[in-house]
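[1] With the sequence up front, the predicted model follows.
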Amino acid sequence: MEPIVVVGGGLAAARTTETLRAEGYEGDLVVVAGEPQAPYERPPLSKDYLRGEAGRDALFPLDADWYADHGVDLRTSTTATALDVGARSVTTAPGGSLRYSRLVLATGSRVRRLDVPGAGSPGVHHLRLVSDADGLADALGQDGPVVVVGDGWIGMEVAASARQLGRDVTVVGRGPHPLGMLGEEAASIFAGVHADHGVRLLHGRTVTEVLGSGRATGVRLDDGTELEAATVVVGIGVTPEVGLASGAGIEVLPGDAGGGVVVDGTLRTSAPDVWAAGDIAAVPSRRYDRLLRFEHWATADETGKHVARSVLGSGEAYDVLPYFFSDQFDLGMEAKGITEGEVVVSGSAADRECVLFWVDGGRVQGAMGIDVWDRMDDAEELIRRPGTVERSELERFVS
């Protein structure tokens, strides 16, 4: 039998590989990873690894020798360039054609680039890869102001890290407040903690040009404002890497529908013996009755494990609620579900110790704990409750 092949270099690929062996698969197993190192996880890249508080070993969910010890053919610095589902083969560079019996696509995402004059100048950084984090860490070790373009999770986490490293930081966001997916009430908590630590937040602004001759020295905004910058960090989101799947005729969602590879509950794609996990998987949700695609650590972790069991014949439908977390300065957050609907606060938002609930039609859609720990399982029960939840019950959640 041809090997099981896993394409990807992130946490989803690592968890898939680990679970295949843990579940008793002893056959040939190949991992195709485009970067020079073994599959790794990305959250530390914007936090403790970026600040130099954690070493490179902290990035890897599996020890460096795990793959060889478990008979896994790990092919790093190898790119999957084409997929032929009829011939059951992946073309790789280097390597040529690689046949498979079953295939898992865990190709992740790529960063969106700033499309303005000067955006390709030295001194403009993106953050997705270990090499990106290494280059940005070197830059943040120098002097001079930092401008972060984008006020989503990555932008805000990088801003916090840069400020903790002693840099003057300005964040430029397009919307009326940072972390726009949360709504103003929730986002104001994060905006407040950044303001308390000296981060300047500019809202409703876009960058029209990166200034400098030969190297970035600042940015110009759409209202003509010029901001000096020794380091420019672009964090304007990512795009799922679905080219391999779409090129093979596998069903994918259009970009305006969130992108991603369409899978069933077992994470199987529209092609025979091909599954998808991690950032690219658009998974049917029992709770929300629609396809969901999330670009978070927990999604990679959970879908990686689930897809391995599915490849081995489990047949069980994926039913894990979206989960995500963030640490910014001394504020910690974890959340489950989706952030849609009216916000109900339990606890004290002013003291930044609370749980926020998103409620639509009386049903809890999602919950976020701000420096309130060990309550997410209780919150999940409310999210999964089939009927409505009284507002008073939510308000009493944090006593």
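    Thanks, I have the structure now. Computed from a prediction, not measured in an experiment: that's the story for all the values here.

[2] Can you list the buried residues in stretch 203-219?
    Residues of stretch 203-219 classed as buried by neighbour count (16 or more other C-beta atoms under 10 Å): 205, 207, 209-212, 216-219. (Glycine included, C-beta is placed from N, CA and C.)

[3] Which residue ranges of the stretch 151-300 of the chain form strands?
    Ranges of strands within the stretch 151-300 of the chain are 169-172, 200-202, 207-211, 218-221, 226-228, 231-234, 238-240, 261-262, 274-276, 281-285, 290-292, based on DSSP state E, counting those that start in this stretch.

[4] Residue 89: which of those is closest?
    strand 274-276 (11.7 Å; C-beta to C-beta).

[5] now for the closest one, which elements pack on it?
    With contacts taken as 3 or more C-beta pairs under 8 Å, 6 or more residues apart in numbering; DSSP states H and E, strand 274-276 sits against strand 102-105, helix 297-311.

[6] switch the cut-off to 6 Å
    strand 102-105 (3 or more C-beta pairs under 6 Å, 6 or more residues apart in numbering; DSSP states H and E).

[7] Pull the residues that contact the strand it packs on.
    4-7, 16, 245, 273-276, 307, 311 (C-beta atoms under 6 Å, 6 or more residues apart in numbering).

[8] out of those residues, which are buried?
    By 16+ other C-beta under 10 Å, the contacts of strand 102-105 give 4-7, 16, 245, 274-276, 307, 311 as buried.

[9] With respect to residue 354, which of the strands of the stretch 151-300 of the chain lies nearest?
    strand 200-202 (20.9 Å).

[10] avg pLDDT for that closest one?
    What strand 200-202 shows for mean pLDDT is 98.

[11] can you give me how far it is from the chain middle?
    Relative to its chain's centre, strand 200-202 lies at 24 Å (C-alpha atoms, centre = their mean, to the nearest Å).

[12] same check, this time on stretch 242-259
    18 Å.

[13] how about that stretch: buried residues?
    Neighbour count says stretch 242-259 has 242-245, 248, 250, 252-253, 259 buried, by 16+ other C-beta under 10 Å.

[14] Equivalent analysis for stretch 61-79, please.
    61-62, 66-67, 70, 72, 74-75, 78-79.

[15] I'd like these laid out as JSON lines, including secondary structure, pLDDT and distance to residue 265.
    Compiled in JSON lines, those are given as follows (DSSP: H, G, I helix; E, B strand; the rest coil; pLDDT from 0 to 100; distance: C-beta to C-beta, whole Å):
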{"residue": "61", "secondary structure": "coil", "pLDDT": "98", "distance to residue 265": "25"}
{"residue": "62", "secondary structure": "coil", "pLDDT": "97", "distance to residue 265": "27"}
{"residue": "66", "secondary structure": "helix", "pLDDT": "98", "distance to residue 265": "29"}
{"residue": "67", "secondary structure": "helix", "pLDDT": "98", "distance to residue 265": "29"}
{"residue": "70", "secondary structure": "coil", "pLDDT": "98", "distance to residue 265": "28"}
{"residue": "72", "secondary structure": "strand", "pLDDT": "98", "distance to residue 265": "27"}
{"residue": "74", "secondary structure": "strand", "pLDDT": "98", "distance to residue 265": "29"}
{"residue": "75", "secondary structure": "strand", "pLDDT": "98", "distance to residue 265": "30"}
{"residue": "78", "secondary structure": "coil", "pLDDT": "98", "distance to residue 265": "31"}
{"residue": "79", "secondary structure": "strand", "pLDDT": "98", "distance to residue 265": "30"}
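
[16] Is residue 356 within a helix or a strand, and which one?
    Assessed by DSSP states H and E, residue 356 sits inside strand 353-360.

[17] what's that strand packed up against?
    Against strand 353-360 (3+ C-beta pairs under 6 Å, 6+ apart) you get strand 342-348, strand 363-370.

[18] Sheet-wise, list the partners of the shortest one with their directions.
    Next to strand 342-348 in the sheet, as set by DSSP bridges, lie strand 353-360 (antiparallel).

[19] what does the strand it pairs with contact?
    With C-beta under 6 Å, 6+ apart, strand 353-360 has contacts from 186, 339-348, 364-372, 394, 397-398.

[20] by how many degrees do it and strand 363-370 diverge?
    Taking axes from the mean of the first three to the mean of the last three C-alpha atoms, to 10 degrees, one finds strand 353-360 and strand 363-370 inclined to each other by 160 degrees.
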